[in-house]
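Participant: Model the following, please.
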Amino acid sequence: MDDAFDVQAAARARAYSLPLDQINVADPELFRTDSMWPYFERLRKEAPVHLQTEHEFGPYWSVTRYNDIMAVDTNPAVFSSERAITIADPEDDFQLPMFIAMDPPKHDAQRKVVSPVVAGPNLAALEPIIRERAGAILDSLPVGEEIDWVDKVSIELTTMTLATLFDFPWEDRRKLTRWSDVATASPESGIVESDDQRRAELYECVDYFTRLWNERVNAPPRGDLISMLAHGESTRNMDRMEYLGNLVLLIVGGNDTTRNTITGSVLALNQNPDQYALLTANHDLIPNMVSETIRWQTPLAHMRRTATQDTELGGKTIRKGDKVIMWYVSGNRDEEVIEDPNRYWIERPRVRQHLSFGFGIHRCVGNRLAELQLKIIWEEILKRFKSIEVLGEPRRVYSSFVKGYETLPVRIHA
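Facilitator: Presented below is the predicted three-dimensional model:
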């Protein structure tokens, strides 16, 4: 833990010594080392709408305060989602249209096709299935031995749920995990060796899902995501790349985010043992803990918009065509809006006042399913175990988009 403290101290010193125009919060290394916090703190104080001119993906504006992020997120007419949702521009010969990267009316029509899968009636039907699986996963864990929580629990539960939503072949469900990792990986991440490998694996993904599409388009409509897409009026004529784009959106949105928050909950409670004791003593705090963890973790660090016209934000003039990055990870730590924002506080008032799901027309379609999975896993954990002890630092994902974990070593105490 001393090493982690040294990393944070060095990050703070560097964050406040660099000239403002040299601060690049999109550097994935800051996220891998969890050392981005003082850079965002300084930007919120000194340059809340900040232009970074030198970057591999061209100039971009960083929006780091809560209220400015809300202003961008809730104004799709001025801040468009077309082209891309991450800081990286799509390659010209590998465009992946997806409804999160579309504007109305096409966005609204495609989102409407899949939204019933995470609506109230379907969640009510899913709840006992998720609970049974969560219990089985936890009952299979060895007590008193070191395990990787990410692999054994977080990935397993979320991949099972995703396979159910797709009605995906059960024995192949870990393919979903792999495609989720590959979709957001760069060659520097260690997940893929090259962009060519990434493309090849994503083509395997769309080929596999095309076989499932062909089966379901010729059968009566059912309640799984592939059948919904195959029969939906605004999605049944998608070309191959648009189908792949929407698959990537649903796989990453339904998998990466929840699995990293499940892991984040174990880490946060270990880093804040007083909060773990509170939770153990009062299981009614689980829903609050879930919302606080989603804020604290912020599993997707940013979303990108593109200005459709010249506009002003935070006293700065943003020009038509400029790239605007909403740093949810920073807005969720905004001292002016969120009380004691760096504290992990499971009794926090207004605990749902966070940006992790986004706002406006692109608010996360599966937010209630994410909360349900987190609530269930902790209800089942607290029935069974005295504690889950973190044994060392997690290995974090090399990405400024997915804020997550590759591994987390833990020991379970009965």
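
Participant: Could you double-check that Ile361 sits in contact with Lys106?
Facilitator: No - between Ile361 and Lys106 there is no contact under C-beta atoms under 8 Å: 11.6 Å. In this view, the C-beta of every residue, glycine as well, is placed from N, C-alpha and C.

Participant: Determine the number of other residues adjacent to the closest residue in space to Arg333 that isn't next to it in sequence.
Facilitator: Counting by C-beta to C-beta, 6 or more residues apart in numbering, Arg333 lies nearest to Pro341, which is 4.3 Å off, once chain neighbours are set aside. Counted with other C-beta atoms under 10 Å, residues neighbouring Pro341 total 20.

Participant: Just give me the longest helix of this structure.
Facilitator: For the chain, the helix reaching the highest residue count under DSSP state H is reported as helix 240-271.

Participant: just how off-centre is stretch 309-321 within its chain?
Facilitator: 27 Å (C-alpha atoms, centre = their mean, to the nearest Å).

Participant: next one: stretch 219-231
Facilitator: Relative to the centre of its chain, stretch 219-231 is centred 26 Å away, using C-alpha atoms, centre = their mean.

Participant: tell me the mean pLDDT for that stretch?
Facilitator: The pLDDT scores in stretch 219-231 average 93.

Participant: Also stretch 56-64?
Facilitator: 90.

Participant: Could the C-alpha coordinates of that stretch be exported in CSV?
Facilitator: In CSV, the C-alpha atoms belonging to stretch 56-64 read as follows (Å, rounded to 0.1, in the frame of the first residue of the first chain):
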residue,chain,number,x,y,z
GLU,A,56,-2.5,11.4,-30.9
PHE,A,57,-6.3,11.7,-31.7
GLY,A,58,-6.1,15.4,-32.4
PRO,A,59,-7.2,18.3,-30.2
TYR,A,60,-10.0,17.8,-27.7
TRP,A,61,-11.9,19.8,-25.0
SER,A,62,-12.0,18.2,-21.5
VAL,A,63,-15.2,19.1,-19.6
THR,A,64,-14.6,18.2,-16.0
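
Participant: centre of the chain versus that stretch, how much separation?
Facilitator: 20 Å.

Participant: what does that stretch rub up against?
Facilitator: 25-26, 40, 43-44, 48-53, 69, 72, 87-89, 304, 313-314, 316, 318, 322-327, 330-331, 334 (C-beta atoms under 8 Å, 6 or more residues apart in numbering).

Participant: Just confirm the residue nearest to Arg333 contacts Gly331, I think it does.
Facilitator: No - contact criterion C-beta under 8 Å: Pro341 and Gly331 do not qualify, at 9.6 Å.

Participant: Next step: the contacts of stretch 56-64 restricted to helices.
Facilitator: Counting by DSSP H, the contacts of stretch 56-64 contribute 40, 43-44, 69, 72, 330-331 to helices.

Participant: Three-state assignment for Glu336, please.
Facilitator: For Glu336, the assignment made with DSSP: H, G, I helix; E, B strand; the rest coil gives coil.

Participant: State the distance from it to Lys45.
Facilitator: Going from Glu336 to Lys45 by C-beta to C-beta, to the nearest Å gives 10 Å.

Participant: Same question for Pro38.
Facilitator: Separation of Pro38 from Lys45 (C-beta to C-beta) stands at 10 Å.

Participant: Any idea how far stretch 215-232 is from the middle of the chain?
Facilitator: 27 Å.

Participant: actually stretch 72-92, not the one I typed
Facilitator: Distance of stretch 72-92 from the chain centroid (C-alpha atoms, centre = their mean) equals 17 Å.

Participant: Stretch 21-32 too?
Facilitator: Centroid separation between stretch 21-32 and its chain, computed with C-alpha atoms, centre = their mean, is 18 Å.

Participant: which residues are in contact with it?
Facilitator: Here stretch 21-32 makes contact (C-beta under 8 Å, 6+ apart) with 11, 15, 36, 39-40, 42-43, 50-55, 57, 60, 62, 64, 87, 186, 188-189, 301-302, 325, 327, 330, 396-400, 403.

Participant: same check, this time on stretch 145-161
Facilitator: 126, 130, 133-134, 137-138, 141, 173-174, 176-177, 254-255, 258-260, 262-263, 266, 369, 373, 377, 388, 391, 394, 405-412.

Participant: Is it possible to mark the buried ones in those?
Facilitator: 126, 130, 133-134, 137-138, 141, 173, 176-177, 254-255, 258-260, 262-263, 266, 369, 373, 377, 388, 394, 405-406, 408-412 (16 or more other C-beta atoms under 10 Å).
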